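J.: What follows is a predicted structure for the sequence shown.
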Amino acid sequence: MANHKSALKRIRQSEKRTALNKGRISRIKTFIKKFVSSLGSENASSAFSNAQSEIQKGVAKGVLHRNTANRKISRLHRLFKSTEAK
């Protein structure tokens, strides 16, 4: 356990940030799952744009690395285009 006031404050801050980031990551995963479940339906394009937007918000908030987000979006887009062509 930390003894200094500044170390105790850092522990409190990291606990708050961890809780916020877990919620943000969970929200991103939820939007991705909604998109995957909507594939083949008429609202797949809106679900894709919502998922893409949410992933980009994760980058802006510092939850996801930019390259990770781009990779995820690219994979979702490729999946969307492959089901759209069928």
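T.: Arrived safely, thanks for sending. Bear in mind the structure is a predicted one, so any value in this text is a computation, not a measurement.
J.: got any ranges where this structure has weak pLDDT?
T.: Flagging of the chain using pLDDT under 70 yields the residue ranges 86.
J.: what helix or strand is the spatially most central residue of it on?
T.: Nearest to the centroid of the C-alpha atoms of the chain, with distances taken as Cα atoms, centre = their mean, sits I28, at 3.1 Å. For I28, the host element (DSSP states H and E) is helix 5-37.
J.: Give the buried residues for that helix.
T.: 24, 28, 31-32, 35-36 (16 or more other Cβ atoms under 10 Å). All C-beta atoms are positioned from the backbone trio N, CA, C, and that covers glycine.
J.: and if you look at stretch 77-86?
T.: Under 16+ other Cβ under 10 Å, the buried positions of stretch 77-86 are F80.
J.: Measure how whichever strand or helix holds A47 sits relative to helix 5-37, angle-wise.
T.: Using DSSP H and E, A47 sits in helix 44-61. Counting by axes from the mean of the first three to the mean of the last three Cα atoms, to 10 degrees, helix 44-61 lies at 170 degrees to helix 5-37.
J.: how big is the angle separating the next helix or strand after helix 44-61 from helix 5-37?
T.: Downstream of helix 44-61, the first helix or strand assigned by DSSP H and E is helix 66-85. Angle between the axes of helix 66-85 and helix 5-37 is 10 degrees (criterion: the same axes, to 10 degrees).
J.: circling back to that earlier point, how about the helix holding A47 as CSV, C-alpha atoms only?
T.: Written as CSV, here are the backbone C-alpha positions of helix 44-61 (Å, rounded to 0.1, in the frame of the first residue of the first chain):
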residue,chain,number,x,y,z
ALA,A,44,-26.6,-2.9,-41.6
SER,A,45,-25.2,0.3,-43.1
SER,A,46,-26.4,2.4,-40.2
ALA,A,47,-25.2,-0.2,-37.7
PHE,A,48,-21.8,-0.1,-39.4
SER,A,49,-21.6,3.7,-39.2
ASN,A,50,-22.6,3.6,-35.6
ALA,A,51,-19.9,1.1,-34.8
GLN,A,52,-17.3,3.0,-36.7
SER,A,53,-18.3,6.2,-34.9
GLU,A,54,-18.0,4.5,-31.5
ILE,A,55,-14.6,3.1,-32.3
GLN,A,56,-13.4,6.5,-33.4
LYS,A,57,-14.7,8.0,-30.1
GLY,A,58,-12.6,5.3,-28.3
VAL,A,59,-9.5,6.6,-30.1
ALA,A,60,-10.4,10.2,-29.2
LYS,A,61,-10.8,9.2,-25.5
